[in-house]
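Colleague: Predicted model and sequence below, questions to follow.
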Amino acid sequence: MMRDFRALNLLILIFSAINVIAVGLFTVSFLNSPRNKTHQPTECRTLIQAHRFRARRNFLSPHRARIRPNTRLAFAFGIENAFTTPDEEYATHFVRNARNLINLQAQDWERLAKSLQSKANELISTAHRLHLASVVQSLSLRIILTTLLNAELDTLPDAEKHMVSLAQAINRAWVSSKNDVDLIEFADNPGLQASLSALFPTFDGTDPRGNPLCWILPGFETSWRINLRIVLELLLNTGQTHPDWTATMIAFAENPTKTQFEAAGADEVSAKDVVAEGLRLYPPTKRIYRAFEWEENGARHSDTFAAAVEACHLAGRVWGQDALKYNPLRWRAVTDVQKQAYLPFGGAPFECPAKAVFGPRMIALVVGVFVGVLQVGHGWRLVDKDGNGVNDVFGGERLKNDRGSYEELFLVRAAGGV
Ligand code: HEM
């Protein structure tokens, strides 16, 4: 009797486990099914406009279609900005503000470059072991905090430490916002709130429009991973056989003007090309989602569709046989078809205000400053968490583009380094 009971229990357990796995697989495959996404360039652009997708005509306004898939962001970060607000007028106002804030003058770029350079020097000259991703995150965050939020980081005690904690708290909340099981509401996330308060002492956690994350997320979340990947390409991958690319990025960090950004180095490649190729191969926004409601056979349906930006950027038939290889030279002769298939900053009518100038140049600045300070003493090498050197590990292949990759890389001062 007892044995039968145990066998029955075991059977129920196995059955439940199969059920859980099946539901999980169904959810994953549903969102990834070709029916729900496209990587065909013109279809991507049409979907981003949110009026129609294949045979479906959307009843939702483009604004509603865009904010609905971001409900979790609003929940996890307590933000109300252009990506999350139901108030269309406020969204327009937010975008206008963003345009003004990122419209930097020549002297602003110079000041920004100098402050970034001195911070990077300070970090590098005082430490013996540095977590690579944290350094890149803190430099990326510094640009956003100073330009968009006027943060007085130089007079704030322990600003560096607080920036690293904020970056980590944002990452954790981002991962949780993508995951049903761990989804944590901003109000229940004291870690994230504390790291914000440390940098913004007057921050009021109950005002979603006044939350600094409204301004931090669009620029920081997108830029730190691409910055890290370009640094790795230059120092450890394809750039190893093209030292001119690194020299070109350093030249821009030392003279951050439009002319310098577009100036081709000895090998015909400009800082603009290095960044464009990074954004093609490692687009920070891999997919752009739109919610749809439509009528079919007399019944109302709703679903979410995705413009698969990353897949569109990697298509061999558009980008050629070496589509998976980092090759900034391709930007010297880019075709109209390729321009159409290039969507790192989205598309009309929601195209990113940082597309033309601020976005690409802030990437070039962080990358240029960072590879520049590392070269000065020639005293650094990259190692994994066990201290093993990581030179030549990528073999010219495309790097991984997921959030957690390269979290285990450290910079250590080699013997004899200064
Ligand atoms: C590497 C840097 C950046 C990348 C790759 C990027 C990417 C994008 C993408 C893909 C979209 C379209 C989203 C959609 O259609 O749903 C977008 C929109 C937007 N981005 Fe960026 N972004 C970057 C930097 C920034 C920065 C620094 C700001 C400054 C606040 C910013 C503010 C915005 C805003 C306000 C929109 C909404 C535009 C609208 O609704 O018309 N972005 N961005």
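Modeller: Received it, and whenever you're ready, just let me know what you need.

Colleague: so how far is the first residue of stretch 168-184 from its last?
Modeller: By CA to CA, to the nearest Å, the extent of stretch 168-184 from end to end equals 15 Å.

Colleague: Could you give me the buried positions within it?
Modeller: The neighbour-count check on stretch 168-184 (16 or more other CB atoms under 10 Å) flags 168-174, 176-177, 184 as buried. Yep, even glycine has a C-beta here, placed from its N, CA and C like the rest.

Colleague: which among those gets closest to N100?
Modeller: Of all the buried residues of stretch 168-184, N100 sits closest to I170, with 24.2 Å by CB to CB.

Colleague: Check whether the closest one sits in a helix, strand or coil.
Modeller: At I170, secondary structure determined by DSSP: H, G, I helix; E, B strand; the rest coil is helix.

Colleague: tell me the contacts of it?
Modeller: 77, 192, 213, 216-217, 220-221 (CB atoms under 8 Å, 6 or more residues apart in numbering).

Colleague: In JSON lines, list these along with neighbour count.
Modeller: Listed next are those as JSON lines, based on neighbours: other CB atoms under 10 Å:
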{"residue": "F77", "neighbour count": "27"}
{"residue": "L192", "neighbour count": "23"}
{"residue": "L213", "neighbour count": "24"}
{"residue": "I216", "neighbour count": "23"}
{"residue": "L217", "neighbour count": "21"}
{"residue": "F220", "neighbour count": "21"}
{"residue": "E221", "neighbour count": "21"}
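
Colleague: out of the residues you listed, which are inside helices?
Modeller: Members of the contacts of I170 lying in helices (criterion: DSSP state H): 77, 192, 213, 216.

Colleague: Could you measure from the third one over to Q338?
Modeller: L213 is 34 Å from Q338, where distance means CB to CB, to the nearest Å.

Colleague: Retrieve the pLDDT associated with the residue in the stretch 151-300 of the chain positioned nearest to the ligand.
Modeller: The stretch 151-300 of the chain approaches the ligand most closely through G219 (2.8 Å), counting by CB to the nearest ligand atom. You'll see G219 listed with a pLDDT of 96.

Colleague: Not counting sequence-adjacent ones, nearest residue to it?
Modeller: Using CB to CB, 6 or more residues apart in numbering and skipping the chain neighbours, the partner closest in space to G219 is I144 (4.5 Å).

Colleague: for the one helix or strand that neighbour maps to, packing partners?
Modeller: Assigned by DSSP states H and E, I144 falls within helix 132-149. Packing partners of helix 132-149 (3 or more CB pairs under 8 Å, 6 or more residues apart in numbering; DSSP states H and E): helix 88-101, helix 106-126, helix 159-177, helix 213-216, helix 222-236, helix 358-377, strand 410-413.

Colleague: so that helix versus helix 88-101, what angle?
Modeller: In terms of direction (axes from the mean of the first three to the mean of the last three CA atoms, to 10 degrees), helix 132-149 departs from helix 88-101 by 100 degrees.

Colleague: Format the CA atom coordinates belonging to helix 132-149 as CSV.
Modeller: Backbone C-alpha positions of helix 132-149 (Å, rounded to 0.1, in the frame of the first residue of the first chain) are rendered in CSV as follows:
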residue,chain,number,x,y,z
LEU,A,132,36.6,45.3,-16.4
ALA,A,133,32.8,45.5,-16.8
SER,A,134,32.5,47.8,-13.7
VAL,A,135,35.1,50.2,-15.0
VAL,A,136,33.2,50.4,-18.4
GLN,A,137,29.9,50.8,-16.6
SER,A,138,31.1,53.6,-14.3
LEU,A,139,32.6,55.6,-17.2
SER,A,140,29.4,55.1,-19.3
LEU,A,141,27.2,56.1,-16.3
ARG,A,142,29.4,59.2,-15.6
ILE,A,143,28.6,60.6,-19.1
ILE,A,144,24.8,60.1,-18.6
LEU,A,145,24.8,61.5,-15.0
THR,A,146,26.7,64.6,-15.9
THR,A,147,25.0,65.5,-19.2
LEU,A,148,21.4,64.5,-18.5
LEU,A,149,21.1,65.0,-14.7
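
Colleague: State the mean pLDDT of it.
Modeller: Averaging pLDDT along helix 132-149 gives 96.

Colleague: can you start the count at 622 instead of 1 from here on
Modeller: Okay, using 622 as the starting number, the last item reads as helix 753-770.

Colleague: now that helix against helix 843-857, angle please.
Modeller: For helix 753-770 against helix 843-857, the angle by the same axes, to 10 degrees is 140 degrees.

Colleague: Just the angle for helix 753-770 relative to helix 979-998, thanks.
Modeller: 130 degrees.

Colleague: picking up where we left off before, surely the residue of the stretch 772-921 of the chain closest to the ligand and P974 touch.
Modeller: No. G840 lies out of contact with P974 (CB atoms under 8 Å); the separation is 10.3 Å.
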